[in-house]
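Student: Based on what follows, work out the 3D shape:
(one chain, ligands or ions: 1)
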Amino acid sequence: MERHPRNPILTRLNIPPIPPALTDVTSVFNPGAIKDGDTYRLMLRVQSRSRETFLVMAESADGVNFKVENKVVNFKGIEKVPGKVFHIYDARISRLEGRFYVMFAMDMEDGCQLGLGVTDDFKNFDFLGITSKEDIRNGVLFPEKVNGKYLRMDRPNKSRHNSGPTSGSTIWLSESNNLIDWIPVAPLINGRFHYWDEFIGSGPPPVKTRKGWIHVYHGVAGHFGSSNVYQGGVMLLDLLDPSKVLGRCRCNILEPREIWEIAGQVPNVTFPSGMIVEKYDPEGFALSVSEVKIYYGAADTSVGIVITTIQELIEATSEGDI
Ligand code: BMA
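Tutor: Below you'll find the predicted structure:
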């Protein structure tokens with residue numbers, strides 16, 4: 001992973017005032033990402049000084065220099081959800097059957113749920129529903145049906161960081177016939193206690209390669225007392241049976257090192273949430289030589305980008321287990 005010299009590519013100073021909710025914002029982080037034709041799009045998590053979070057779109061011609069829109073994303077229909085929705089955040093964008101689906105976390109009275117929205121043009125967004133029945137986060141859709149089912153990875157929140165938010169240490173594969181009702185199929189990977197990825201959760205949606213589904217996730221080392229360290233890692237799933245894990249990195253592939261990753265609203269956080277692959281073959285498999293852009297939230301304060309290739313990501317999954 002190579003950090004781009006332009007980093008951090010987005011900070012609070014790039015967010016135009018969007019009154020009344022967003023003026024003089026505190027932070028921008030954890031973006032969803034997609035390439036739509038020649039346009040790179042990010043769905044940013046922007047936080048105000050009331051510590052409310054809103055989703056805001058940004059676009060770019062080169063994937064590095066982004067212009068942020070001066071309006072908040074409004075998922076039409078979300079206002080009908082019974083009960084209070086405190087925040088929606090951490091959007092993951094997937095292109096599926098020709099539409100753009102957005103899965104995001106919804107903080108509600110009973111914990112966190114996974115909401116699903118859809119758009120065709122990144123101007124009008126529709127809310128499709130709440131897709132979970134338990135406290136859960138980090139839901140990412142596969143970009144196509146596998147064996148006749150929609151698939152996603154998700155992370156039930158079964159534990160809690162030291163005096164922090166609820167978290168979990170198992171990423172699950174779930175399946176659905178309609179994108180709204182999901183059934184857990186199999187646990188994929190567990191946290192490795194005492195090492196870098198004790199608590200885990202999906203990063204960006206998985207990408208199809210000839211070697212399998214490549215998937216970037218985040219791992220949290222929680223044994224440092226005063227601070228949880230959020231890092232990036234990668235695993236490989238079988239193409240035809242994604243419940244089979246073919247490989248997983250031993251070391252993290254991204255960790256907080258720069259001052260803007262170490263210091264901020266939540267220190268020591270690199271949180272990968274968007275991934276853009278530049279080149280696919282005609283059958284839709286990512287080329288191993290393709291450049292990959294990974295977007296991440298840094299210290300819950302700004303947005304960074306690292307560059308790698310499909311081949312390097314795949315190689316990292318065969319380092320051997322810890
Ligand atoms: C996780 C999520 C992320 C956040 C991270 C670090 O539990 O809430 O949205 O970036 O913690 O604070």
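
Student: Need the pLDDT of the closest residue to the ligand within the stretch 151-300 of the chain.
Tutor: Proximity of the stretch 151-300 of the chain to the ligand (CB to the nearest ligand atom) peaks at V266, 3.9 Å away. (Glycine included, C-beta is placed from N, CA and C.) In this model, V266 is scored at 95, pLDDT.

Student: Now the most centrally placed residue in the chain: which helix or strand?
Tutor: Taking CA atoms, centre = their mean, the centroid of the chain lies closest to S273, which sits 2.7 Å from it. If you go by DSSP states H and E, S273 is part of strand 270-277.

Student: Paired strands for that strand, with orientation please.
Tutor: Strand pairing for strand 270-277, using DSSP bridges, gives strand 291-298 (antiparallel).

Student: Return the distance of whatever helix or strand comes next after the partner strand from the chain's centre.
Tutor: Following strand 291-298 in sequence order, the next helix or strand is strand 302-309 (DSSP H and E). Its chain's average C-alpha position is 13 Å from that of strand 302-309, according to CA atoms, centre = their mean, to the nearest Å.

Student: so does strand 302-309 get close to the ligand?
Tutor: No. For strand 302-309, no contact with the ligand is found by CB under 6 Å from any ligand atom; the gap never falls below 11.5 Å.

Student: now the angle between strand 291-298 and that strand, please.
Tutor: Relative orientation of strand 302-309 versus strand 291-298 (axes from the mean of the first three to the mean of the last three CA atoms, to 10 degrees): 150 degrees.

Student: elements contacting strand 302-309?
Tutor: Strand 302-309 sits against strand 2-3, strand 27-36, helix 259-262, strand 291-298, with contacts defined as 3 or more CB pairs under 8 Å, 6 or more residues apart in numbering; DSSP states H and E.

Student: Try it again at 7 Å.
Tutor: Contact analysis of strand 302-309 by 3 or more CB pairs under 7 Å, 6 or more residues apart in numbering; DSSP states H and E lists strand 2-3, strand 27-36, strand 291-298 as its packing neighbours.

Student: quick one, which of those is nearest to T209?
Tutor: Closest to T209 of the helices and strands packed on strand 302-309 is strand 291-298 (CB to CB; 10.6 Å).

Student: Show residues contacting that closest one.
Tutor: 8, 29-31, 33, 42, 63, 216, 232, 254, 260-261, 264, 269-278, 303-310, 313 (CB atoms under 7 Å, 6 or more residues apart in numbering).

Student: How about stretch 121-130?
Tutor: 41, 57, 73-78, 81, 106, 113, 115-119, 179-180.

Student: ok, back up a step: ok, the closest residue in space to the residue nearest to the centre of the chain that isn't next to it in sequence to the ligand distance?
Tutor: Spatial nearest neighbour of S273, excluding adjacent residues (CB to CB, 6 or more residues apart in numbering): N30 at 4.7 Å. Separation of N30 from the ligand (CB to the nearest ligand atom, to the nearest Å) stands at 5 Å.

Student: for D110, same thing?
Tutor: Using CB to the nearest ligand atom, we find D110 at a distance of 17 Å from the ligand.

Student: Not counting its neighbours along the chain, what's nearest M1?
Tutor: Of all residues not flanking M1 in the chain, V306 sits nearest, at 4.2 Å (CB to CB, 6+ apart).

Student: okay, the closest residue to the ligand within the stretch 1-150 of the chain: pLDDT?
Tutor: Closest residue of the stretch 1-150 of the chain to the ligand, CB to the nearest ligand atom: D90 (4.8 Å). D90 is assigned a pLDDT of 98 by the prediction.

Student: Quick check: phi and psi at it.
Tutor: When quoted as degrees, to the nearest 10, the phi and psi of D90 stand at phi 50, psi 60.

Student: so is the residue nearest to K211 when sequence neighbours are not counted in a helix, a strand, or just coil?
Tutor: Take K211 and drop its neighbours on the chain: the residue closest to it by CB to CB, 6+ apart is I314, 5.4 Å away. Secondary structure, DSSP: H, G, I helix; E, B strand; the rest coil: I314 is helix.
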